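Chemist: compute the structure for the input listed below.
(one chain, ligands or ions: 2)
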Amino acid sequence: MTFSAPPMPSEGVVSWNINTACNYRCSYCTQRFMDDRGRWSRDTPRFLRSFAKLPGRWEVKISGGEPFVHPTLDEITAGLAELGHRISIVTNFSASEQKLLGFVTAARGRVGVFSCSLHLEYVSDIAAFVDKARWFRDALSVARDPSLPAPSLNVTTVATQSALPRLAELATGFADKGVVFKVQPEKLDGGLVTYTPQEEAQLVQLGGHNRTGQIAHRFTGQPCWSGRSYFIVDDRGIAYRCYPARRHKMERLGDFLSDSFALYDGPVPCPYPLCYCTVPIERGLMSRPTSPQNNE
Ligand code: SF4
Ligand code: SF4
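Modeler: Ligands and ions are numbered 1, 2, ... in the order given. Okay, the predicted model is just below:
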């Protein structure tokens with residue numbers, strides 16, 4: 001059954017992987033097999049010129065690698081704010097307080113979602129992590145531009161086999177401190193690792209993938225605004241419709257840094273068997289059927 005597309009979102013979203021460099025080496029990192037873990041987008045002015053050409057306001061979701069090891073993160077952030085876009089970020093939250101405050105200053109109140117990835121292989125003092133998250137959430141709130149949606153901060157962690165026994169306690173601990181906590185299924189070869197029915201039930205109990213209510217999402221054949229109101233771009237400027245598109249080597253949108261880049265005109269049916277990035281889902285870029293076959 002095909003559903004009609006939802007209304008076009010008023011703001012676009014782009015996931016920008018600004019580097020492959022990272023100060024961590026998590027065992028489950030989806031980039032661990034990359035040939036080059038030292039790449040970073042070098043021509044900030046050129047990228048900003050391309051972001052200036054996008055129609056309307058966009059939420060630019062910066063990730064990596066680890067964005068806070070990028071040498072011009074503040075310049076990038078300030079430039080995007082100057083263009084009238086909003087800035088979201090995914091970070092392992094290991095940056096110093098000074099660096100974090102530099103980001104807040106550069107963003108000039110235009111932060112969207114600040115997502116802190118809790119990597120349990122590297123973080124042993126959970127209480128300190130929570131305190132830092134609460135402190136930074138307040139810093140974002142104080143600096144916000146009141147004409148824009150309020151910034152939000154959340155903590156995510158990957159449901160690896162070693163993390164699974166700790167998730168319930170972690171969720172309770174974050175909830176007690178008023179910090180939003182989300183679990184993410186572990187990814188493997190463009191799909192998700194196989195969980196037992198009990199483990200799946202546990203993850204659904206904790207809200208599913210990033211609190212979307214489910215672990216796996218499938219929209220094959222359904223119209224989706226990705227390609228028009230969402231796309232991904234890497235540190236070299238290579239753009240695709242979404243992460244599954246890049247994985248399948250389909251629906252390349254061209255070189256973001258040249259005139260070859262082009263967005264779609266409207267919603268287009270999804271050709272992929274699994275939609276495993278929740279950014280387009282959380283922004284409502286496709287209808288979310290609730291039939292059992294889509295509730296897997
Ligand atoms: S912090 Fe993120 S990018 Fe860095 S190694 Fe861990 S999962 Fe990979
Ligand atoms: S995989 Fe998800 S984001 Fe990509 S086209 Fe399909 S529904 Fe849209």
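Chemist: distance of whichever residue of the stretch 101-250 of the chain sits closest to ligand 1 from ligand 2?
Modeler: With Cβ to the nearest ligand atom as the measure, the residue in the stretch 101-250 of the chain that lies nearest ligand 1 is residue 119; the distance is 5.3 Å. Using the backbone N, CA and C atoms, a C-beta is placed for each residue, glycine as well. Taken as Cβ to the nearest ligand atom, to the nearest Å, the spacing of residue 119 relative to ligand 2 amounts to 25 Å.
Chemist: and that residue, that's in a strand?
Modeler: No: residue state for residue 119 (DSSP: H, G, I helix; E, B strand; the rest coil) corresponds to coil; a strand is not indicated.
Chemist: neighbours around it, how many?
Modeler: Residues near residue 119, counting by other Cβ atoms under 10 Å, number 22.
Chemist: so what pLDDT did it get?
Modeler: Among the per-residue scores, residue 119 shows a pLDDT of 98.
Chemist: next, it: phi, psi?
Modeler: As for residue 119, its main-chain torsions (degrees, to the nearest 10) stand at phi -100, psi 100.
Chemist: what does the stretch 1-150 of the chain have sitting close to ligand 1?
Modeler: By Cβ under 6 Å from any ligand atom, the residues of the stretch 1-150 of the chain that approach ligand 1 are 22, 24, 25, 26, 29, 31, 64, 65, 66, 92, 117, 119.
Chemist: parallel or antiparallel, list what pairs with the helix or strand that contains residue 155.
Modeler: Residue 155 belongs to strand 152-159 when assigned by DSSP states H and E. When sheet partners are counted by DSSP bridges, strand 152-159 sits next to strand 111-117 (parallel), strand 180-185 (parallel).
Chemist: from the chain's centroid, how far away is it?
Modeler: What separates the centre of strand 152-159 from the centre of its chain is 10 Å, taken as Cα atoms, centre = their mean, to the nearest Å.
Chemist: what does stretch 104-111 give?
Modeler: Here stretch 104-111 shows a centroid-to-chain-centroid distance of 18 Å under the convention Cα atoms, centre = their mean.
Chemist: put the alpha carbons of it into CSV.
Modeler: Provided in CSV are the C-alpha atoms of stretch 104-111 (Å, rounded to 0.1, in the frame of the first residue of the first chain):
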residue,chain,number,x,y,z
VAL,A,104,28.1,28.2,21.2
THR,A,105,29.6,31.6,20.5
ALA,A,106,30.1,30.8,16.8
ALA,A,107,26.5,29.5,16.4
ARG,A,108,25.0,32.7,17.7
GLY,A,109,21.9,31.1,19.1
ARG,A,110,21.2,29.0,16.0
VAL,A,111,21.8,25.5,17.5
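Chemist: outside of it, which residues touch it?
Modeler: By Cβ atoms under 8 Å, 6 or more residues apart in numbering, the residues outside stretch 104-111 that reach it are 73-75, 77-78, 80-81, 85-89, 139-140, 143-145, 148, 151.
Chemist: how far does stretch 92-103 stretch from start to finish?
Modeler: End-to-end distance of stretch 92-103: 15 Å, with Cα to Cα, to the nearest Å as the criterion.
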